[in-house]
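Q: Got a sequence here, can you build the structure:
(one chain, ligands or ions: 1)
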Amino acid sequence: MLDLDQQARAILEKNDRGGFTIPTARLYPFQWNWDSAFIALGHATVDEDRAWQELETLIEGQAHDGMIPSIVFRNDDEDYFPGPKVWQTNNGMIDGTGISQPPVLASVVAQMVQEQGEKSYARARALFPNILKWHRWWHDCRTPDGLGVVCTVHPWETGRDNCPDWKIGLGHMAIDPELESYQRKDIEHANPAQRPTQEEYDKYITIVKFGRDHGWDQKVLTNQGPFLMADPGIFFILLRADRDLLWLAEHLGFDADQDQIKNWISDAEAHKDYFWNEDFGAFCARNVATGEFAQGFSNASALCFYADAGTQDQRAKTLAHMKRIEGKTQFGQSSWDPDAAQFDSQRYWCGPLWCQVNYMIAMGLKEAGEDAMAEKMRQDLRKVIELSGFYECFDPVSGAGCIGRDFSWTAALWLAWASPSSSHTAPA
Ligand code: GLC
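A: Residues are numbered from 1 along each chain as shown. Got it, this is the predicted structure:
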């Protein structure tokens, strides 16, 4: 029997498709955006060159307008819906989706440069202009006119696909009556009880249809599309990523870009209270058209520490929610609030714990001096992997593995963080 480090390395090898790594066979047969960033941290523990390659292949999928898509389609695959024939983006060298995913890339590059030192500068320098262009895309194309806060046009763009956070935005949109009939594939590969409902799915595809019908003009999709919400996940991740991009600009010699990046950072710092739900005492997702807040604490609410954002009072209230949630689960922070409506400990983003979000939360907690809580999150991930193996996500109450098996980011973050052998890269 292989030990867990060996198993994790074997999963990364098995899911390697030659320069890029798929999340898991069948259910997710392409390269995914934020998956690849976390996967690179795992590869870096074994082979630094391969880690850089993971990020370079991701950037090959960049669209002409600067967006790095949520999925890079190098091929079609009958096992997956919606594939390139449905998206029809035709806006880059390689086909991709018409939406993005949380911009963790700059932070991962900065982390790899900090760990590897000067020998990594050339690889990082080559990536810098593309990452800058992607950040500009978020600030220009995903920031609605007059709002000043980066938003999202599709629940899939947040990476937290069917979190109850998106109910308000989806509740305000209609299914396009001309939606073509289609066949879902996700429920053939995974337990339907753990996947999104049919009505949700029809709305997801309605947004794709709108983008396609408007030639993937991203400003039109943001300002006139059927769904527009502000996500604390994307907001906090981008704020940190902008700071990490600035650090890279300073260390890699991109002097001319620094003022632009500083402006993005100060703009975001000035707007963080847009997410503060005073009645509930947490940073919450918000529907832009109505101003309505989601009424529950998600794992993205806890990312304020990762972005070094929030007043003392806001942080204290956030920590109180996290402690309340710890009291209801066995294995740390759940993706949705156990005390809120629609909590479901095994349904996708309605409860399960996700290793990559908890990794970022723990990193932020550690930087904020909350070492004990950060270390508990690391230990909790170690325990669920020891108990259940390398699943896509885990039931935070029982520790059971959910949805995809032999999952790449779980294997990668085991190697880079949760494994007892990982202390060289562990943030907590
Ligand atoms: C699911 C997750 C998303 C992830 C993708 C591939 O769609 O919600 O965050 O990137 O799977 O793992």
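
Q: Can you list the residue ranges for strands in the chain?
A: 31-32, 71-73, 95-96, 229-230, 276-277, 282-283, 286-287, 393-394, 401-402 (DSSP state E).

Q: Tell me the residues of the chain that contact the ligand?
A: Contacts of the chain with the ligand, taken as C-beta under 6 Å from any ligand atom, map to 23, 28, 32, 34, 35, 159, 161. (Glycine included, C-beta is placed from N, CA and C.)

Q: Test my guess that the fourth one contacts residue 159.
A: Yes. Residue 34 is in contact with residue 159 according to C-beta atoms under 8 Å; the separation is 5.5 Å.

Q: which residues do these two both contact?
A: Common contact partners of residue 34 and residue 159 (C-beta atoms under 8 Å, 6 or more residues apart in numbering): 101, 102.

Q: more neighbours, the two?
A: Neighbours were counted for residue 34 and for residue 159 using other C-beta atoms under 10 Å; residue 159 has more, 26 against 22.

Q: Can you check the pLDDT for that one?
A: The score at residue 159 is 98. That number is its pLDDT.

Q: By mean pLDDT, flag the weakest helix or strand of the chain.
A: Counting by mean pLDDT, DSSP states H and E, the chain has its least confident helix or strand at helix 186-189, which shows a mean of 86.

Q: Show me what that helix is packed up against.
A: Contact partners of helix 186-189 among helices and strands, from 3 or more C-beta pairs under 8 Å, 6 or more residues apart in numbering; DSSP states H and E: none.

Q: of the strands of the chain, which approaches residue 83 most closely?
A: When those are compared by C-beta to C-beta, strand 71-73 sits nearest residue 83, at 6.5 Å.

Q: got any ranges where the protein has weak pLDDT?
A: Filtered on pLDDT under 70, the chain yields the residue ranges 423-428.

Q: can you rerun that using 90?
A: 1-2, 26-27, 75-76, 78-79, 186-197, 332, 423-428 (pLDDT under 90).

Q: what sits against residue 139?
A: 150, 264, 267.

Q: Run a quick check on the first one versus residue 233, I expect a contact.
A: Looking back up the chat, that one is residue 150. No. Between residue 150 and residue 233 there is no contact, the gap being 10.7 Å when judged by C-beta under 8 Å.

Q: hmm, back to that, most neighbours among the contacts of residue 139, which one is it?
A: Neighbour counts for these (other C-beta under 10 Å) peak at residue 150, which has 25 neighbours.

Q: roughly how far apart are residue 54 and residue 409?
A: Computed with C-beta to C-beta, to the nearest Å, the distance linking residue 54 and residue 409 is 12 Å.

Q: Please enumerate the shared neighbours of these two.
A: Counting by C-beta under 8 Å, 6+ apart, the shared contacts of residue 54 and residue 409 are residue 39.

Q: Just give the nearest non-adjacent residue to residue 258, would you?
A: Leaving out its chain neighbours, the residue that sits closest to residue 258 by C-beta to C-beta, 6 or more residues apart in numbering is residue 249, at 5.1 Å.

Q: how far away is that neighbour from the ligand?
A: Residue 249 sits 27 Å away from the ligand, going by C-beta to the nearest ligand atom, to the nearest Å.

Q: so that residue makes contact with residue 262?
A: No. With contact defined as C-beta under 8 Å, residue 249 does not count as touching residue 262 (9.6 Å).

Q: Which of these two has more residues huddled nearby?
A: Taking other C-beta under 10 Å, residue 249 and residue 262 do not tie; residue 249 has more neighbours (21 against 14).

Q: which residues sit in contact with the more buried one?
A: Contact partners of residue 249, counting by C-beta under 8 Å, 6+ apart, are 128, 132, 255, 257, 258, 261.

Q: ok, and the most crowded of those?
A: residue 261 leads the contacts of residue 249 on contacts (other C-beta under 10 Å) with 24 neighbours.

Q: my guess is it contacts residue 239, does it?
A: No. Look at residue 261 against residue 239 with C-beta under 8 Å: they stay out of range, at 11.3 Å.

Q: Just give me the neighbour total for the residue of the stretch 201-350 of the chain found nearest the ligand.
A: Proximity of the stretch 201-350 of the chain to the ligand (C-beta to the nearest ligand atom) peaks at residue 349, 6.4 Å away. Residues lying near residue 349 (other C-beta under 10 Å) number 26.

Q: which residues sit in contact with it?
A: Shown in contact with residue 349 (C-beta under 8 Å, 6+ apart): 160, 161, 162, 163, 335, 336.

Q: The fourth one and residue 298 touch, don't they?
A: Yep, that's residue 163 we're talking about. Yes. Using C-beta under 8 Å, residue 163 is in contact with residue 298, at 5.8 Å.

Q: can you tell me how far the residue nearest to residue 241 when sequence neighbours are not counted sits from residue 396?
A: Once flanking residues are discounted, residue 241 sits nearest to residue 106: 4.1 Å by C-beta to C-beta, 6+ apart. Residue 106 sits 29 Å away from residue 396, going by C-beta to C-beta.

Q: One more: residue 224?
A: According to C-beta to C-beta, residue 224 stands 38 Å off from residue 396.

Q: okay, these two: which has more neighbours?
A: Between residue 224 and residue 396, counted using other C-beta under 10 Å, residue 396 has the larger neighbour count: 29 against 12.
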